[in-house]
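Novice: Give me coordinates for this.
(2 chains)
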Amino acid sequence: MRKILTVVTVIVIIAFIYAMPDKQGLRPWTYPHLPYPVAKKKVLVTPAGQSSDGLIVAGMMRELNVSHAYRNTARGEDVTQWYESVVLVLGHSDTGLRKAELTSEEEMERIQGLISATQLKAGAVVLIHLGGQNRRGVKDDALIRRFAPQANYILVADDANNDNIFGRIADKKGIPITLTRDIGSIKAPLNSAFR
Amino acid sequence: MPAEQRENLTTGLVWLAVAAVVMYLINPAFFLTTDVIESSIEYANSSRLILAAIMYSLVKTAGALPLLLGSFSLGKFIISRAGLDGSSLAGFWVNLIAAVTLYTLVFGLMGHPPDIFVPLLVAGFVLSTAEPQHSKLRLVHKITVTMQLLLGSFWLDLCPFLDRFGPGRDEIAVSIKLAAVYLNSVPVMNFISMSFFIPLMLTAITTSVLINNHYQQLKNMEAATAQEEELQKYRLQSVQARSLQEMHSLVHDLKTPLMTIGGLSSLMQMKYAREEKDGEYFRRIERSVSNMNEMISEILYAKTRRLIPVPDLVNYVRAQVVPEKLEQKIEFHVPDDLPLVRVNRVRLARAMINLLENAMEATRGKKDGRIDIGASRDAQAVCIYIADNGTGIATDNLARIWVTGFSTRNTPGLGLPFVKNVIDDHGGIIAVESQAGEGTKFKIFLQGEKG
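Specialist: Numbering: from 1, shown residues only, chains lettered A, B, ... in the order given. Here you go, the predicted structure:
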């Protein structure tokens, strides 16, 4: 009986700790959607971190009839030749990286190459985060800190901005940001970014 | 290090090595799962997402199963090493810490960040796991129950409803849940994950209970068999005692006709012995009667002794056992200059006959079967030996041959214990040398006396 009680107590404590809401940061001033488009077509959709979230965004673009291509290992040269804007879908995945035969550093370089090439072409970088708190590990945060400040528009779904990491970056860099309740609500602001 | 500790340590390390190999080998399975998730998003197909969820739980179970089994063996090693065997609570904590540490370490090292769900799983495992003291059952119990618990537990990772409470931080689980949101399949995923989790957990508990019950039944059956064997032994002893008693009565009854024969023979000698030859016949009758009387006394009273030469004893045995035609070759080597021995001839001869019959049985059907019966002087003692080149006795059985009821030939197992009893009664020693397939040699040492 004592053992059962101990186990139950441990489970309850662990569940409680994990269920506790995170410290709420200041809510940034957000757009429900952009008042004017920032990105031109044709658009390259690529995952930053090789998670499968990029495909979800590609699916949404398809539904929105935004001319795009999904390529998970596209590089800067591809942008130079074929695309006007880039949509980066943040989400680190070790399995995805192994599957794409990339290291974290190589992935970082790839994304940086894409951003630099887009900026050189005076194109727009739209940064999207879909995974909520589940995609806020150390490696995810490294991606956010490095690439969010270089975006032209930031779209964050779910509760990923509980600690206001995106809000602070957007504030500091004057980047328009839209926070949505869930993934389903991201389509409208996403559509507003494209001409 | 005690054998049990060494076994637990080795088992634990072997399981961990297996876990590392499995984790390395299942990478393609993780890729395949990711492919299925991606195709479900691409084709907006919820069925593929469910397939991906099933693959996820199977692949994760394959990786985690040897890991947890290893951590529990190492946990047992630590518990035993730290002398915490008596405390179930301390044992529980050690198991928990070992499992969580190893799980986190190995999953982390292999590039699959673990999630917080492990302690829940381990707690469930520890609670529902008993330790049947039966090596095969214990292994079956551990593997079956842990596998069911793992399979069930990994479904909790995929339940979007429980997202807030901890389970499902694994990147593939997150991908599946995100895809479910995109495909408007959250209620389906909630339902499916619970539909797998609850039955698997119940099955794990039921299996655990069933295996434990089975173990109890096995234990009861073993106890019943042991009781039956004990009972059989007592029955045999009782039958033996009864026959002995009946034989004693019969032998005792022989004394009356013998007395009559003796008395009448004396009367007849007085009345009819006219010639020297007649007198000799009557004296022989009297000697035989007296001899038979002594034998009866020896049978009836174990303590009765007579001083006899060893060759006479051996000849007495030879006369009773060796028939005209034998398939084995029997040779006697008894020198005449041995000291005399004070023995109960009937009982000692019976004991030697027992050994001789065993030797004949061991050499039966053997082409060059041979039995040697002999005696030699051994300081103040006399050594009588019976050796054969028959089937021999396995080393494992050597220590048990004197135990009543032990037999490898489907006999009551009373012969050799009787032999040992008789030799002990005579203050002698009996020794055996044997090797399976080579033969057996029994040596009887008896105190010698001058004639």
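Novice: Show the contacting residues for A:A117.
Specialist: Residues near A:A117 by C-beta atoms under 8 Å, 6 or more residues apart in numbering or on different chains: A:76-77, A:79-80. Heads up, the C-betas are built off the backbone N, CA and C, glycines and all.
Novice: oh sorry, the question was meant for B:L51
Specialist: So B:L51 contacts B:36, B:40 (C-beta under 8 Å, 6+ apart).
Novice: On the three-state scheme, it is what?
Specialist: helix (DSSP: H, G, I helix; E, B strand; the rest coil).
Novice: Tell me how far it lies from chain A.
Specialist: 15 Å (C-beta to the nearest C-beta, to the nearest Å).
Novice: go on, B:I172?
Specialist: The value you get for B:I172 to chain A, if C-beta to the nearest C-beta is used, is 6 Å.
Novice: sorry, back to before: which of the contacts of A:A117 has the most neighbours?
Specialist: Comparing the contacts of A:A117 on neighbour count, A:V79 comes out first with 25 neighbours (neighbours: other C-beta atoms under 10 Å in any protein chain shown).
Novice: For the top strand by length along chain B, list every residue counted as buried.
Specialist: Taking DSSP state E as the assignment, the strand of chain B that covers the most residues is strand B:439-449. Neighbour-count burial for strand B:439-449, counted by 16 or more other C-beta atoms under 10 Å in any protein chain shown, picks out B:439-446, B:448.
Novice: can I get those in TSV with distance to chain A and pLDDT?
Specialist: Formatted as TSV, the buried residues of strand B:439-449 follow (distance: C-beta to the nearest C-beta, whole Å; pLDDT from 0 to 100):
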residue	distance to chain A	pLDDT
B:G439	59	90
B:T440	56	92
B:K441	60	93
B:F442	58	92
B:K443	60	92
B:I444	62	92
B:F445	61	92
B:L446	65	90
B:G448	71	87
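Novice: any residues touching the longest strand of chain B, and which ones?
Specialist: So strand B:439-449 is contacted by B:307, B:338-343, B:351-352, B:355, B:358-359, B:362, B:377-378, B:380-390, B:392-393, B:419, B:423, B:426-434 (C-beta under 8 Å, 6+ apart).
Novice: Make a ChimeraX selection of the buried ones in those.
Specialist: Selection command for ChimeraX covering only the buried members of the contacts of strand B:439-449, criterion 16+ other C-beta under 10 Å:
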select /B:338,339,340,341,343,351,352,355,358,359,362,381,382,383,384,385,386,387,388,389,390,392,393,419,423,426,428,430,434
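Novice: just to revisit the earlier point, show me which of the contacts of A:A117 is closest to chain B.
Specialist: Distance to chain B, by C-beta to the nearest C-beta, is smallest for A:V79 among the contacts of A:A117, at 22.6 Å.
Novice: Tell me the confidence at B:G427?
Specialist: In this prediction, B:G427 carries a pLDDT score of 90.
Novice: Likewise for the one 3 residues further on?
Specialist: The predicted local confidence for B:I430 comes out at a pLDDT of 91.
Novice: so who does it touch?
Specialist: Contacts of B:I430 (C-beta under 8 Å, 6+ apart): B:419-420, B:423, B:442-445.
Novice: residues in contact with the residue nearest to the spatial centre of chain A?
Specialist: Nearest to the geometric centre of chain A sits A:H129, at 2.5 Å (C-alpha atoms, centre = their mean). Counting by C-beta under 8 Å, 6+ apart, A:H129 makes contact with A:89-91, A:135, A:144, A:154-157, A:160, A:166.
Novice: which ones are touching residue 186?
Specialist: Because you didn't say which chain, this covers chain A. A:60, A:128, A:130, A:155, A:157, A:180.
Novice: try chain B instead
Specialist: Counted by C-beta under 8 Å, 6+ apart, B:V186 has contacts B:160, B:180.
Novice: From B:A431, how far off is the nearest residue to B:G439 once chain neighbours are set aside?
Specialist: In this structure, B:G439 finds its nearest non-sequential neighbour in B:N389, 4.0 Å apart by C-beta to C-beta, 6 or more residues apart in numbering or on different chains. As judged by C-beta to C-beta, to the nearest Å, B:N389 and B:A431 stand 18 Å apart.
Novice: Name the next helix or strand downstream of the helix or strand harbouring B:L178, please.
Specialist: Using DSSP states H and E, B:L178 sits in helix B:171-182. Moving toward the C-terminus from helix B:171-182, the next helix or strand (DSSP H and E) is helix B:186-272.
Novice: Averaged pLDDT, that next one. What do you get?
Specialist: For helix B:186-272, the per-residue pLDDT averages 88.
Novice: could you give the angle of that helix to helix B:171-182?
Specialist: Angle of helix B:186-272 versus helix B:171-182, following axes from the mean of the first three to the mean of the last three C-alpha atoms, to 10 degrees, is 130 degrees.
Novice: Next secondary structure element downstream of helix B:186-272?
Specialist: Per DSSP H and E, the first helix or strand lying C-terminal to helix B:186-272 is helix B:276-300.
Novice: buried residues in the helix or strand containing B:I54?
Specialist: Per DSSP H and E, B:I54 falls inside helix B:46-81. Within helix B:46-81, the residues that count as buried by 16+ other C-beta under 10 Å are B:46, B:48-80.
Novice: Now do the helices in the stretch 351-451 of chain B.
Specialist: Here the stretch 351-451 of chain B has its helices, by DSSP state H, counting those that start in this stretch, at B:395-398, B:415-425.
Novice: now swap in chain A and tell me
Specialist: A:2-19, A:53-63, A:76-82, A:94-99, A:104-120, A:138-147, A:165-173, A:187-192 (DSSP state H).
Novice: Any chance of CSV for those helices, columns mean pLDDT?
Specialist: What follows is these, written out as CSV (pLDDT from 0 to 100):
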stretch, mean pLDDT
helix A:2-19, 68
helix A:53-63, 93
helix A:76-82, 85
helix A:94-99, 91
helix A:104-120, 94
helix A:138-147, 93
helix A:165-173, 92
helix A:187-192, 90
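Novice: May I have the beta-bridge partners of B:I384?
Specialist: B:A375, B:I444 (DSSP bridges).
Novice: which residues touch it?
Specialist: B:I384 neighbours (C-beta under 8 Å, 6+ apart): B:310, B:313-314, B:352, B:373-375, B:443-444, B:446.
Novice: ok, so of those residues, who is nearest chain A?
Specialist: For those, the minimum distance to chain A (C-beta to the nearest C-beta) is 60.2 Å, reached by B:K443.
Novice: Tell me how far the closest one lies from B:L51.
Specialist: 77 Å.
Novice: Distance from stretch B:247-265 to the middle of the chain?
Specialist: Once both centres are worked out by C-alpha atoms, centre = their mean, to the nearest Å, stretch B:247-265 turns out to sit 51 Å from its chain's centre.
Novice: Sorry, wrong one. I was asking about stretch A:144-160.
Specialist: 6 Å.
Novice: about what we covered before: pull the contacting residues for the residue nearest to B:G439.
Specialist: Contacts of B:N389 (C-beta under 8 Å, 6+ apart): B:363, B:366, B:368-370, B:438-439.
Novice: Show the buried residues in those residues.
Specialist: Counted by 16+ other C-beta under 10 Å, the contacts of B:N389 give B:363, B:369-370, B:439 as buried.
Novice: Tell me which two of the residues you listed sit farthest apart.
Specialist: Maximum pairwise distance among the buried ones among the contacts of B:N389 (C-beta to C-beta): 9.8 Å, between B:G369 and B:G439.
Novice: what sits in contact with each of the two?
Specialist: In contact with both B:G369 and B:G439: B:388-390, using C-beta under 8 Å, 6+ apart.
Novice: tell me what the helix or strand following the helix holding B:I54 is packed against?
Specialist: Following helix B:46-81 in sequence order, the next helix or strand is helix B:88-109 (DSSP H and E). Packing contacts for helix B:88-109, counted by 3 or more C-beta pairs under 8 Å, 6 or more residues apart in numbering or on different chains; DSSP states H and E, involve helix A:2-19, helix B:3-25, helix B:46-81, helix B:117-128.
Novice: Next, format the ones you listed as CSV and append distance to B:V188.
Specialist: Converted to CSV, the helices and strands packed on helix B:88-109 look like this (distance: least, C-beta to C-beta, whole Å):
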stretch, distance to B:V188
helix A:2-19, 24
helix B:3-25, 30
helix B:46-81, 6
helix B:117-128, 21
